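*Asks:* Turn this into a structure:
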Amino acid sequence: MEAETVVPNSYRKFRKDTLLMETETVVQISDRKFREDPSLMETKTVVQNSPELPLDVLMDIFAQLEIPDFIRAGSVCSAWRSAYTILHSQIEQYKRRQTPCLLYTSESVADNVACLYSLAEKRVYNITLPDPPIRSRYLIGSSHGWLVTADDKSELHLLNPITGQQIALPPVITIEHVKPILDDAGAISKYELWDDLDVEIHDLDKLRDCLYFRAFVFPDSSTGSYIVVVTLFPYRRLLFARVGDCKWTLLPPGEDYQQCIHMDGLLYAFTRTGQIDAFDLTGPTFTRNVIADEMENHIRGMDGWMLWIYFIGIPSTWYDSGKPGWPTDGGEGIWPTGQPSCC
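*Replies:* Next comes the predicted model:
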């Protein structure tokens with residue numbers, strides 16, 4: 001099952017970001033979250049008195065349902081449960097393009113609880129997530145139903161907000177230009193961040209501000225798991241890791257990457273000026289191949305008019321040009337979640 005997600009250009013704290021995510025891998029949802037529905041009992045009574053449909057027909061029907069309805073259907077009877085279980089384990093058969101959900105945190109719930117608003121049902125589900133608390137994390141990216149988050153020690157995690165499943169990604173100190181500073185007890189107290197010109201010292205929770213630009217999640221057909229690609233400040237170089245790797249791998253020099261897609265073992269990276277580079281991630285070594293050169297910065301129309309294209313940098317946070325000052329969220333943050341896109 002393919003997923004389409006949208007990630008904004010600003011990746012600050014969860015409670016200050018807004019994203020929309022199509023949770024298309026949410027067929028892994030924890031069963032109990034969506035089952036408490038009075039209408040379910042009426043459905044169960046009807047089904048118990050009806051002839052049983054063949055398993056393959058049930059699966060075809062279930063594959064067209066919204067996720068909450070799909071989960072509820074799996075609790076109706078043993079035959080429906082069997083169809084649900086098989087479809088649950090074969091994600092590629094799930095055909096329904098899901099209505100986007102709004103994911104946010106709120107001061108009205110605990111710090112480890114995320115609120116998921118279903119546009120299809122017009123209701124909110126409160127979902128308790130594993131530590132570290134979701135309100136303390138930064139959102140770096142989202143795709144295929146997964147969030148990439150940076151905790152208060154600048155460590156990255158994959159998190160499925162529907163199932164509650166969490167996967168720790170390789171330690172930040174395995175990024176080659178990040179070095180730990182230890183205290184007298186041997187614990188990491190700060191980080192050194194190296195670049196070509198200088199070295200900076202950062203607190204554990206501050207490194208994420210100046211290291212991570214954007215993250216992407218792609219299915220990895222070779223392992224049946226996922227590949228995570230991260231673009232880094234300040235030059236927006238690329239590094240990646242597969243789920244289960246012990247360290248991050250920095251890809252060959254190239255910079256100013258804004259977007260990435262992964263297909264047939266190749267990672268295609270797009271720069272701000274339109275250049276496309278390809279990296280083969282299947283071999284023991286990685287090389288960069290330029291697929292398309294940078295675009296010209298002007299277009300001439302047939303009527304003689306010229307369109308001039310230029311790029312400007314903007315602060316990576318919210319700003320309403322129609323109002324003075326920077327916005328505050330009053331303790332609550334809302335963000336849409338979905339396939340990364342660039343303006």
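
*Asks:* can we go C-alpha only for contacts and neighbour counts from here?
*Replies:* Will do.

*Asks:* What is the neighbour count of residue 83?
*Replies:* Residues near residue 83, counting by other CA atoms under 10 Å, number 22.

*Asks:* Using the three-state scheme, assign the residue nearest to it when sequence neighbours are not counted.
*Replies:* Closest residue to residue 83 in three dimensions, ignoring its sequence neighbours and counting by CA to CA, 6 or more residues apart in numbering: residue 59, at 5.4 Å. What DSSP: H, G, I helix; E, B strand; the rest coil gives for residue 59 is helix.

*Asks:* In the stretch 1-150 of the chain, where is pLDDT below threshold?
*Replies:* Applying pLDDT under 70 to the stretch 1-150 of the chain picks out residues 1-51, 89-96.

*Asks:* the helices in it, which residues?
*Replies:* Assigned by DSSP state H, counting those that start in this stretch, the helices in the stretch 1-150 of the chain fall at 39-48, 55-62, 67-73, 78-89.

*Asks:* Show me the contact partners of the second one.
*Replies:* By CA atoms under 8 Å, 6 or more residues apart in numbering, the list of residues contacting helix 55-62 from outside reads 70, 73, 79-80, 82-84, 87.

*Asks:* how about a cut-off of 6 Å?
*Replies:* Contact partners of helix 55-62, identified using CA atoms under 6 Å, 6 or more residues apart in numbering, comprise 70, 83.

*Asks:* got the buried residues for that helix?
*Replies:* Buried residues in helix 55-62, counted by 16 or more other CA atoms under 10 Å: 58-59, 62.

*Asks:* could the residues you listed be laid out in TSV, adding distance to residue 123?
*Replies:* What follows is the buried residues of helix 55-62, written out as TSV (distance: CA to CA, whole Å):
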residue	distance to residue 123
58	27
59	26
62	21
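
*Asks:* Let me know the closest of the residues you listed to residue 158.
*Replies:* Lowest distance from residue 158 to these (CA to CA) belongs to residue 62, with 27.4 Å.

*Asks:* And the closest one, how close does it get to residue 155?
*Replies:* 38 Å (CA to CA, to the nearest Å).
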